[in-house]
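1. Got a sequence here, can you build the structure:
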Amino acid sequence: MKVTPRNVTGLVDALVDTGFVARGPHPTDRRATLVSLTERGAETMEAMNREHQELASLLFADMPDRDAFARGLEHLLEGLRDAVA
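-> Numbering: from 1, shown residues only. Next comes the predicted model:
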């Protein structure tokens, strides 16, 4: 993803500040910090997942062969991954 550690720290700081995640100590590695969803973060993720599923259902409801479409997209993504690697 080509994201620097400093960028990740800034993103996590913002998520902590807005109450979506919390930082905590790693149980065995004192140099590491664990980041976990708060209740607010988990509720937001659940809502986002529901909304994405609803949108996908709306967009693809009339598609005759959704499985073939999904396989085609997966093939396309594999090609993109190979090209990036």
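2. Count the neighbours of L76 for me.
-> Residues contacting L76 under the criterion other CB atoms under 10 Å number 10. Every C-beta, even on glycine, is put in place using the N, C-alpha and C of the backbone.
3. Look at it and tell me its secondary structure.
-> Following DSSP: H, G, I helix; E, B strand; the rest coil, L76 is assigned to helix.
4. excluding its backbone neighbours, what's nearest G24?
-> Nearest non-adjacent residue to G24, counting by CB to CB, 6 or more residues apart in numbering: L34, 4.9 Å away.
5. part of a strand, is that neighbour?
-> Yes. Judged by three-state DSSP, L34 forms part of a strand.
6. for it, what are its contacts?
-> Counting by CB atoms under 8 Å, 6 or more residues apart in numbering, L34 touches R23, G24, P25, H26.
7. quick one: the residue of the chain positioned farthest from its centre from S57, how far?
-> In the chain, the residue that sits farthest from the middle, by CA atoms, centre = their mean, is P64; the gap is 28.4 Å. Applying CB to CB, to the nearest Å, the value for P64 to S57 is 15 Å.
8. before we move on, back to that, distance of the residue farthest from the centre of the chain relative to T38?
-> 42 Å.
9. Could you say which helix or strand holds R71?
-> helix 66-84 (DSSP states H and E).
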